[in-house]
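>>> Task: produce atomic coordinates for the following.
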Amino acid sequence: MMITAYAWAGGLIEFGEECPKGALPIAIGDEERVRRVVTTLARHGYKDELLVPGVPEADGQLHGVEALIDFQARVQQDLLKEAA
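Numbering: from 1, shown residues only. Next comes the predicted model:
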């Protein structure tokens, strides 16, 4: 089954069939692989939520977007490694 990992502006990561309006996509692919890679690389919050590292504590939106881009690149790199 295919799944989409996406993040909200505050850094909260969620999974679904598609990326909802207002969220930014992180990865799309096989559910098991995407969940495993994203969960491994994400920051784990106090309430078991997954967060994009660097976004909640970012100094402004620009730094938050940069952190999301970096995280997205790490996720894509790990997914490619697994596929090889």
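
>>> In the chain, where's the longest helix?
Criterion DSSP state H: the longest helix present in the chain is helix 61-83.

>>> Now do that helix, average pLDDT.
Helix 61-83 carries an average pLDDT of 93.

>>> In the protein, which residue is most central in space?
Nearest to the mean C-alpha position of the chain, counting by C-alpha atoms, centre = their mean, stands Ile26 at 4.6 Å.

>>> one step back: tell me which other helices or strands the longest helix of the chain touches.
In terms of contacts (3 or more C-beta pairs under 8 Å, 6 or more residues apart in numbering; DSSP states H and E), helix 61-83 is packed against strand 2-7, strand 24-30, helix 31-41. Where you see a C-beta, it was placed from the backbone N, CA and C, and this is true even at glycine.

>>> And the average pLDDT for the shortest one is what?
Just to be clear, that refers to strand 2-7. 97.

>>> got a list of contacts for it?
If you take C-beta atoms under 8 Å, 6 or more residues apart in numbering as the criterion, strand 2-7 is touched by 13-20, 23-31, 34-35, 38, 52, 55, 68, 71, 75.

>>> I'd like the distance from it to the chain centre, please.
Here strand 2-7 shows a centroid-to-chain-centroid distance of 8 Å under the convention C-alpha atoms, centre = their mean, to the nearest Å.

>>> got the buried residues for it?
3-7 (16 or more other C-beta atoms under 10 Å).

>>> can I get the residues you listed in TSV with distance to Leu80?
TSV is the format used below for the buried residues of strand 2-7 (distance: C-beta to C-beta, whole Å):
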residue	distance to Leu80
Ile3	17
Thr4	17
Ala5	15
Tyr6	19
Ala7	20
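
>>> Pick the one among these closest to Arg43.
Minimum distance to Arg43 across these is 11.4 Å, recorded for Ala7 (C-beta to C-beta).

>>> hey, what's the closest one bridged with?
Ile13, Leu24 (DSSP bridges).

>>> separation between Tyr46 and Gln61?
Per C-beta to C-beta, to the nearest Å, Tyr46 is found 24 Å from Gln61.
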